[in-house]
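J.: from the sequence below, what's the structure:
(one chain, ligands or ions: 1)
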Amino acid sequence: MANVVVVGAQWGDEGKGKIVDWLSERADVIARFQGGHNAGHTLVIDGEVFKLSLLPSGIVRGGKLSVIGNGVVLDPWHLQKEIAGLRGQGVTITPETLMIAENTPLILPIHGELDRAREEQTSVAKIGTTGRGIGPAYEDKVGRRSVRVADLADDATLELRVDRALVHHDALRRGLGLEPVDRERLLADLRAIAPSVLEYAAPVWKVLNEKRRAGKRILFEGAQGALLDIDFGTYPFVTSSNVIAGQAATGTGIGPGSIDFVLGIVKAYTTRVGEGPFPAELNDADGQRLGERGHEFGTVTGRKRRCGWFDAVLVRQTCATSGVNGISFTKLDVLDGFETLKICVAYELDGKRLDYLPTAADQQARCTPIYEEMPGWSESTEGARSWADLPAEAIKYVRRVEELIECPVALLSTSPEREDTILVTDPFAD
Ligand code: IMP
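T.: Model (predicted):
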């Protein structure tokens, strides 16, 4: 049986929600392996809209096990709110349908405060984060001063963990002009929230390995996109976790050999939220049009997304770093009606042609896109369910993208509706 990893292959917001939902119907287990409630997945099921930030998309489907792996950073108060909201929409959530890894680090209120305080400083530090404490929580994980899910079960351990974190945080807060942390209040808040997290705590690595041996299908649901990866993204304008497919193994506790198919989600053009380099960005009427037609506003923060032409250089790179076996190409219909389309096929740097994005920030800033032009199409591709429904120019565009990124299209998504999908290769096929 196949286990599938889904990753965003650009800067996030590629339309993962729909594809993950489509695949999760066929999976037995759906696992998140990185990020936190900085993600925003919108699912439309039978006309009802579900908005998820932290919980795996499988949660809205009955009979599935949803898992939050140790690679995630978990805000327990947000968890409680998201669960309550979904229950209000009639979703059943029990310890049988949701498991949270015991070794998952928590996001505390002090992480959000620190994240926002840094972003508000008018200094070089601004990243354009979601302000949800993601970065500071990962810093504490690597700094070995996190409070983890299992620590909530024992009061003496909890106090030790909090004290360890506060030595660091109070020093930092002094520097930022923030009040010291109210230790007693933090402990009281953690004691109060503990039961609603511990209810779902489980040795996720063990459960997943048992499921795998029993032949169950596991879907690993990535958040954000590979260009926001802490190692391979446009550092420092990235998120604080590994986003690429390898993280599915370390972020849940299964071996890398258990991953059978990596599906990269790729939008037919490029967007990003927040600061950072974006070589093919358009600050003109075409960019405006892509944003309007594509409804490019952040799900979590409501921020307007920056838009640009499809950048094949970046996607070829992310397909390589994630070992993508096939892509799901989304939002092709947003390109309907453009007379001419451009694809970035290489960069020019200091008079030389480059087929990848260099790592050095000054070089990234000097890269200018080299475009290839293709004729657009005037017909609508929205809702197409077979290749025969697509205009010839649209098919040529997709085929050219496949060539340039050196990776085949497995799925083509032509509207937010789940049925509007052209299946080329089934990622779950044996
Ligand atoms: P953080 O993850 O809140 O630390 O934000 C770091 C960067 O990642 C910022 O540029 C955010 O806009 C971006 N980011 C975080 N989560 C998402 C997402 O789900 N989609 C798109 N961008 C994201």
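
J.: so what's D28 up against?
T.: Contact partners of D28, counting by CB atoms under 8 Å, 6 or more residues apart in numbering, are K64, L65, K211, K216, R217, I218. C-beta: built from backbone N, CA, C; applies to glycine.

J.: show me where this structure has its helices.
T.: 16-24, 76-88, 109-120, 134-142, 155-176, 183-198, 204-213, 247-250, 285-293, 312-322, 361-366, 392-405 (DSSP state H).

J.: okay if I get the ones you listed as CSV plus distance to the ligand?
T.: Shown next, in CSV, are those (distance: least, CB to the nearest ligand atom, whole Å):
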stretch, distance to the ligand
helix 16-24, 9
helix 76-88, 13
helix 109-120, 7
helix 134-142, 4
helix 155-176, 17
helix 183-198, 21
helix 204-213, 22
helix 247-250, 14
helix 285-293, 14
helix 312-322, 14
helix 361-366, 15
helix 392-405, 20
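
J.: least confident of those helices, on average?
T.: Note on these: lowest mean pLDDT is at helix 16-24, with a mean of 90.

J.: only C-alpha atoms, please: export it in PDB.
T.: The C-alpha coordinates for helix 16-24 follow below in PDB (Å, rounded to 0.1, in the frame of the first residue of the first chain):
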ATOM      1  CA  LYS A  16      -3.200  22.000  -1.100                       C
ATOM      2  CA  GLY A  17      -6.500  22.000   0.800                       C
ATOM      3  CA  LYS A  18      -8.600  20.600  -2.000                       C
ATOM      4  CA  ILE A  19      -6.000  18.000  -3.100                       C
ATOM      5  CA  VAL A  20      -5.400  16.800   0.500                       C
ATOM      6  CA  ASP A  21      -9.100  16.500   1.000                       C
ATOM      7  CA  TRP A  22      -9.400  14.600  -2.300                       C
ATOM      8  CA  LEU A  23      -6.600  12.200  -1.300                       C
ATOM      9  CA  SER A  24      -7.700  12.000   2.400                       C
END
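
J.: what are the contacting residues of it?
T.: 4, 6, 8, 30, 41-45, 52, 56-58, 60-61, 64, 219, 221-223, 263, 265, 328, 330, 411, 413, 416, 418, 421, 427-428.

J.: the residue in the stretch 1-150 of the chain that the ligand sits nearest to: what's its closest spatial neighbour, skipping adjacent residues?
T.: In the stretch 1-150 of the chain, the residue that lies nearest the ligand is G12 (2.7 Å; CB to the nearest ligand atom). Counting by CB to CB, 6 or more residues apart in numbering, the nearest residue to G12 once its immediate chain neighbours are dropped is G225, at 4.0 Å.

J.: and that neighbour, how far is that from the ligand?
T.: Distance, G225 to the ligand, by CB to the nearest ligand atom, to the nearest Å: 7 Å.

J.: using CSV, write out every CA atom in stretch 280-298.
T.: Extracted C-alpha coordinates of stretch 280-298, given in CSV (Å, rounded to 0.1, in the frame of the first residue of the first chain):
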residue,chain,number,x,y,z
ALA,A,280,9.3,36.8,-11.2
GLU,A,281,7.1,39.2,-9.2
LEU,A,282,4.8,41.5,-11.2
ASN,A,283,4.1,45.0,-10.0
ASP,A,284,1.8,45.8,-12.9
ALA,A,285,-1.6,45.2,-14.3
ASP,A,286,-0.9,41.5,-15.0
GLY,A,287,0.1,41.0,-11.4
GLN,A,288,-3.0,42.8,-10.2
ARG,A,289,-5.2,40.7,-12.5
LEU,A,290,-3.6,37.4,-11.3
GLY,A,291,-4.3,38.5,-7.7
GLU,A,292,-7.9,39.4,-8.4
ARG,A,293,-8.8,36.4,-10.5
GLY,A,294,-7.0,34.1,-8.1
HIS,A,295,-8.5,35.7,-4.9
GLU,A,296,-5.0,35.9,-3.6
PHE,A,297,-5.5,37.0,0.0
GLY,A,298,-4.0,35.1,3.0
